[in-house]
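Trainee: The following comprises the amino acid sequence and a computationally predicted model.
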Amino acid sequence: MKRTKARLKINQILTGKKTNLRVVGCLLFREWDEKKKRFYYWEEWEITGLADYDSWVEYDHSDQIVSLYEPIRFTKAIDPAQLEKGQSFTVSEQDGKDHTVVVDEVGVGEIVNIKGKNTYQVFPKELMAYATLKDTGAPKNRQLITIEKYNNREYDAYRKIQLSDKEQKKMFGRTIKPINWSTIIITIIIIAIFLFIFFFEDNSDGGHGGARGVYGGSSGGFGK
């Protein structure tokens, strides 16, 4: 079974500068990429402790981006299965704000792993239709809106906010993105090679210095 990669676990307490959060559930999804002929994976972790009870953290296995899902409530449910890429329309929040959005992506994810207790009762192999909308009128880091449809009847909408390593540490007290051990190992090997070359050349220079002393210089030889 495919495993999750984010540095999170069920019931983990995340203590940020101004937050105290708890990890309660996780859904691991996959979607077939027809062009690349392989599965594309991402995971969504449900957390409690934020102002909005229905908040999630997403980790994308392909681009290694960590995003926060903040719930956004529209006056009417949006069915992602009925949307097409490039489609443009206006949506209204319950507080009266209108947003003109463009459909950036649509797809269907399959649940392949479930951890903890999630808001909705879902099962492995269950499908989840989704759509990513782009709200160009919003600040740059708040332009993406994710629409999800569970159980063919549950509709959710979230602001998808990408979090830098610095923002992750501020909110969670740590980075969520997994440690890239291969990069660390390669870096250590490169450093070791440079150190070896440095000491080898240094010792070689020392040896040549002694040889020069036989013929002249401070050792007395043919000089004064």
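Mentor: Right, received. Where do you want to start?
Trainee: Find the least confident helix or strand in the protein, judged by mean pLDDT.
Mentor: Lowest by mean pLDDT, DSSP states H and E among the helices and strands of the chain is helix 181-215, with a mean of 60.
Trainee: where exactly do the helices run in the chain?
Mentor: Listed in chain order, the helices found in the chain under DSSP state H are 165-172, 181-215.
Trainee: So which elements touch the first one?
Mentor: Right, helix 165-172. strand 13-15 (3 or more C-beta pairs under 8 Å, 6 or more residues apart in numbering; DSSP states H and E). (Glycine included, C-beta is placed from N, CA and C.)
Trainee: Other residues contacting the strand it packs on?
Mentor: Applying C-beta atoms under 8 Å, 6 or more residues apart in numbering, the external contacts of strand 13-15 come out as Asn20, Leu21, Arg22, Val23, Ile47, Gly49, Met171, Phe172, Gly173, Arg174.
Trainee: Could I get the buried residue list for it?
Mentor: For strand 13-15, a neighbour-count test (16 or more other C-beta atoms under 10 Å) marks Leu14 as buried.
Trainee: for the chain, what are the low-confidence residue spans?
Mentor: Within the chain, the segments meeting pLDDT under 70 span 1, 180-188, 192, 194, 196, 202-224.
Trainee: Longest strand in it, please.
Mentor: In the chain, with assignment by DSSP state E, the single longest strand is strand 98-116.
Trainee: Indicate each strand paired with it and its parallel or antiparallel sense.
Mentor: strand 20-33 (antiparallel), strand 88-92 (antiparallel), strand 127-135 (antiparallel) (DSSP bridges).
Trainee: Can you add mean neighbour count and give these back as TSV?
Mentor: Formatted as TSV, those follow (neighbours: other C-beta atoms under 10 Å):
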stretch	mean neighbour count
strand 20-33	18
strand 88-92	12
strand 127-135	20
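Trainee: Nearest to Asp54, out of the ones you listed?
Mentor: Proximity to Asp54 (C-beta to C-beta) singles out strand 20-33 among these, at 11.2 Å.
Trainee: quick one, that closest one and helix 165-172 angle?
Mentor: Angle, strand 20-33 to helix 165-172, by axes from the mean of the first three to the mean of the last three C-alpha atoms, to 10 degrees: 130 degrees.
Trainee: what distance separates strand 20-33 from the centre of its chain?
Mentor: 11 Å (C-alpha atoms, centre = their mean, to the nearest Å).
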